[in-house]
Structure formats: structure tokens, C-alpha cells
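Q: Got a sequence here, can you model it:
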Amino acid sequence: MSNTPDCPSADALLGGLDGLLTPPFSRRGFVMTSLMTGLTLATTSVEAQVIRTDAEGLEAGEVKIPAGDGPMPGYRAMPAGEGPFPVILVIEEIFGVHEYIKDICRRLAKAGYCAVAPELYARQGDLSTMTDAKLIIRDVISKTPDAQWMADLDAAASWAVSGARGDPARIGTMGWCRGGRGVWLYAAHRRDLKAAVAWYGPVGGERTEIQPRTGTDVAAEINAPVLALYGGADTGIPVATVEAARDKAVAAGKSVELVVYPEAPHGFHADYRPSYRPAEAKDGWARALSFLKSHGVG
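A: All right, here's what the predicted structure looks like:
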């Protein structure tokens, strides 16, 4: 990407996440070289209400995204046409880019977006074969450096602009669960990000050498408005912790819009799981699309 007003250099986009961005960091080969098919094996059942979005009028499918150490698998969906299209970086849950995440990309494409979901855990483990969520967290999630995530999301954004008719002036992000945590971090990392939507992403948690900062830690440093969609019945993410992150951001002059659905549990948007709550998921989706467009990503 050339260093023009509409297409700034990579160095110009890096935020001040001291302790997070410390390149060069160690890389490893890709364990996953292609995406899984179907839904994650880690779900105990597939619910009847699973949403299936067709690809009519879209360009949709698996892609290879150039990364620093080879092609990273990902999924891209966008309208058929010349573009340029606003870009949404879709950040997965802990279960990989499975059919639910792919369908979200198609839903966004139907709304006019170039949606790209990179497989951010491709180096750490093969999520297509894993059935135990606790082992996924222990063996894959906890071993994936945040700096790697940021670099891979940047690579996905660059690819969307150069190879998928994405608009460099209209880049946003949306993530679920652990991906919601990534939304907070990426909003503090990328200076030209226009808007970010975090679905029930943890804002606290243990700090480690490779995951040194939490969502609350970086809340005062976000570069884009954040829409935070959370469940009041989420037993793993107390609403008070999200309110504290929001208040920290607002005190620093940043914009965070927090919406709490009082009766919704964690995972209320995940239509393939028993946690799915159709009314709250539908309302949150409508709010997310409206939020993106109101902040220049649409």
C-alpha cells in the first residue's frame, strides 16, 4: 500500500500499544492450511434455528491471505460488483472460522460489505479436529500472541484492499466472544479504524507475556468508536467490568456505546448453540449495522 492520504503506510497506522507490538516476534508454520467445513466439533448439539445465508449475488469462499510467514487461510464474502466496498474484519470466537463465522461474513456481504475472517489460530492448532473447549483454550487460545493477532488482522485488511476491492478509507471490525476481546485490542491498535463492534468480549482476564493487556487496559487508547453488546446473564463477564472499561474510555474522551440485554447469556448471537436468543441477536445485529454506517463504514 502506498503512503497516500487514503492509503497510509503500515507504520502510520500502528497504535501505541506498549508491551503488545514488539516485532519481530517468533513465527511458526501454519498448522491449519485450509478452513474447516461445517460447524465446530466443540458444540454439543446443532440447534434447529441455525441461520443459513445463501451466496446469491455474492463472491464468497475460502481465500489465502498473504501473511509474514506464508498464506493464511480465511473466508471472504462481498457483493458481486466493482466496489470499492467497506471492509469488515470479522474476528472469530475460540472455535475457528467454521460455518457460523462464514455465514456472518455472507450476512455482512448482503449488507454491502467486504467481510474477511482470517483464521487467527492457524499456527497454534487445528481447530477443525478439536472437540473440547477447555483444551482449545489451554492448548491454542492461551498460546496465541496478541501481537500475532494484530499483525494478521492488518494483513487481512491489506489483502481486502489490494485483492478484494475493499475501500481503505472505510475499515471496521466486528468480533464475538474471544473475538470481542480482539475488537477492543484492535481498536487501540489501528489508527485508521472507523468503527468496532464487540459482542460479549472479555475486558479483563489474566495477563501473560504474550497476552499482556486486557480490553480494560487499552480502553483509554481506542482509536475508533466501539459498540459493546453484552448479556446481563453472562456469568463469565460481569456487566460492571464492561461498564468500568466504558467509563475509562469515556474519561479519556473516547466513544463507547454499551448495550446490555438483561436476560441474555454469553453467546446470545451464536445461532448454532443453546445460548442463542433470537430477539436479542436480531436487535444487536440491527444496532451493529446502524452503528457501522453512522461512523462511516457503510
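Q: if I pick the most centrally placed residue in the chain, what's in contact with it?
A: Residue closest to the average C-alpha location in the chain (Cα atoms, centre = their mean): residue 91, at 2.0 Å. Shown in contact with residue 91 (Cβ atoms under 8 Å, 6 or more residues apart in numbering): 117, 120, 153, 173, 174, 175, 176, 179, 180, 182, 183, 186. Using the backbone N, CA and C atoms, a C-beta is placed for each residue, glycine as well.
Q: Residue 205 too?
A: 181, 214.
Q: tell me the secondary structure for it?
A: coil (DSSP: H, G, I helix; E, B strand; the rest coil).
Q: What of residue 193?
A: Residue 193 ends up coil, using three-state DSSP.
Q: Now do the same contact list for it.
A: Per Cβ under 8 Å, 6+ apart, neighbours of residue 193: 171, 172, 173, 186, 187, 223, 224.
Q: Could you write out the alpha-carbon coordinates of the helix or strand where residue 162 lies in PDB?
A: Using DSSP states H and E, residue 162 falls within helix 146-163. Provided in PDB are the C-alpha atoms of helix 146-163 (Å, rounded to 0.1, in the frame of the first residue of the first chain):
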ATOM      1  CA  ASP A 146      -1.800 -10.800  20.800                       C
ATOM      2  CA  ALA A 147       0.900  -9.300  18.600                       C
ATOM      3  CA  GLN A 148       0.400 -12.100  16.100                       C
ATOM      4  CA  TRP A 149      -3.300 -11.300  16.100                       C
ATOM      5  CA  MET A 150      -2.800  -7.600  15.400                       C
ATOM      6  CA  ALA A 151      -0.300  -8.400  12.600                       C
ATOM      7  CA  ASP A 152      -2.600 -10.900  11.000                       C
ATOM      8  CA  LEU A 153      -5.600  -8.600  11.100                       C
ATOM      9  CA  ASP A 154      -3.500  -5.900   9.500                       C
ATOM     10  CA  ALA A 155      -2.600  -8.400   6.800                       C
ATOM     11  CA  ALA A 156      -6.200  -9.300   6.200                       C
ATOM     12  CA  ALA A 157      -7.100  -5.600   5.900                       C
ATOM     13  CA  SER A 158      -4.300  -5.000   3.400                       C
ATOM     14  CA  TRP A 159      -5.400  -8.000   1.400                       C
ATOM     15  CA  ALA A 160      -9.000  -6.800   1.400                       C
ATOM     16  CA  VAL A 161      -7.900  -3.500  -0.100                       C
ATOM     17  CA  SER A 162      -5.400  -4.900  -2.600                       C
ATOM     18  CA  GLY A 163      -7.100  -8.100  -3.600                       C
END
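Q: before we move on, back to that, please name the bridge partners of the residue nearest to the centre of the chain.
A: Residue 91 has these beta-bridge partners by DSSP bridges: residue 175.
Q: circling back: filter the contacts of residue 193 down to just the ones in helices.
A: Cross-referencing the contacts of residue 193 against helices under DSSP state H gives 186, 187.
Q: Let's have the contacts of residue 193 in CSV, adding pLDDT.
A: As requested, the contacts of residue 193 are arranged in CSV below (pLDDT from 0 to 100):
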residue, pLDDT
171, 98
172, 98
173, 98
186, 98
187, 98
223, 98
224, 98
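Q: Now flag whichever of the contacts of residue 193 is closest to residue 125.
A: For the contacts of residue 193, the closest approach to residue 125 (Cβ to Cβ) belongs to residue 186, at 21.5 Å.
Q: Surely the closest one is in contact with residue 196?
A: Yes. Applying Cβ atoms under 8 Å as the test, residue 186 and residue 196 come out as touching, 6.9 Å apart.
Q: who touches both of these two?
A: residue 173.
Q: Give me the more crowded residue out of those two.
A: Counted by other Cβ atoms under 10 Å, residue 186 and residue 196 do not tie: residue 196 has more neighbours, with 33 against 29.
Q: Show me the strands in the stretch 151-298 of the chain, by range?
A: 166-176, 195-199, 226-231, 256-261 (DSSP state E, counting those that start in this stretch).
Q: thinking again about what came up before, between the contacts of residue 193, which is nearest residue 142?
A: Among the contacts of residue 193, and counting by Cβ to Cβ, the member closest to residue 142 is residue 186, at 19.0 Å.
Q: separation between the closest one and residue 197?
A: 11 Å (Cβ to Cβ, to the nearest Å).
Q: Please convert the buried members of the contacts of residue 193 into ChimeraX selection syntax.
A: Per 16 or more other Cβ atoms under 10 Å, the buried members of those correspond to this ChimeraX selection:
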select :171,172,173,186,187,223,224
